[in-house]
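J.: Provided below for reference: sequence and predicted model.
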Amino acid sequence: TMHMNHEPPRVTLTPAFVNRLFEVVHTYDGRLDYKGYLDFVIAHEHRSHPAAQAYFFRALDLRACGALSVFDINFFVRDIVQGLLDQDEESEPPGLVTIVDEIFDLAKSRAPGLGRGPGSLERERLATGELPVIRLKELEKCGAGSIILQCLIDVQGFWNWDNRESLIEYDDEDRYEKDV
């Protein structure tokens, strides 16, 4: 017999996402049926697949207009920041504006040449008259759709992405090869 010695990945979905998901998927007396549960699990485990991205996009698109606005992203990121604070009251999570900027950077949905960093979304609004949006096609094409979804719906998923560099493990030989 084979003994597996690892824990399943920890998923900590935000209340904002769970509430929104239950608004847009078919439920029976406020509960998912088995098929609905399977749809969620399969979409969550295959977030890079276009069908899975469409499944989550529907829940994230608060106005059902086909685009995630800065307001939509802020709405879900607030729960991510609160979840990070709840998990570790000692450490300071990244600021809301920083996270929202990073989400738009990952989606590559901003006009080039307007700079990056805190406040860059406001600079873009002043320069173009509009704030950027993320459309489903952009989410699918950017190459980071799975990461964006994870960062918007799952506190632990965001933490893993934000701390990805400190989580990389090398065995001793690889570590020395990377330093050379």
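T.: Structure's in. What do you need? Residues are numbered from 1 along each chain as shown.
J.: what helices or strands is the longest helix seen in the chain leaning on?
T.: If you go by DSSP state H, the chain has its longest helix at helix 70-87. Where contact means 3 or more C-beta pairs under 8 Å, 6 or more residues apart in numbering; DSSP states H and E, helix 70-87 is packed against helix 15-24, helix 96-107, helix 145-153, helix 155-162. In short, each C-beta sits where N, CA and C put it, glycine included.
J.: Just put these in JSON lines and tack on distance to Y55 and mean neighbour count.
T.: Shown next, in JSON lines, are those (distance: least, C-beta to C-beta, whole Å; neighbours: other C-beta atoms under 10 Å):
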{"stretch": "helix 15-24", "distance to Y55": "9", "mean neighbour count": "16"}
{"stretch": "helix 96-107", "distance to Y55": "17", "mean neighbour count": "19"}
{"stretch": "helix 145-153", "distance to Y55": "9", "mean neighbour count": "23"}
{"stretch": "helix 155-162", "distance to Y55": "16", "mean neighbour count": "20"}
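J.: what's the closest of these to F57?
T.: Closest approach to F57 among the helices and strands packed on helix 70-87 is made by helix 145-153 (8.1 Å; C-beta to C-beta).
J.: Please name whichever of the helices and strands packed on helix 70-87 is nearest to H44.
T.: The closest of the helices and strands packed on helix 70-87 to H44 is helix 145-153. By C-beta to C-beta, the value is 8.5 Å.
J.: Compute the inter-axis angle for the closest one and helix 70-87.
T.: Angle of helix 145-153 versus helix 70-87, following axes from the mean of the first three to the mean of the last three C-alpha atoms, to 10 degrees, is 70 degrees.
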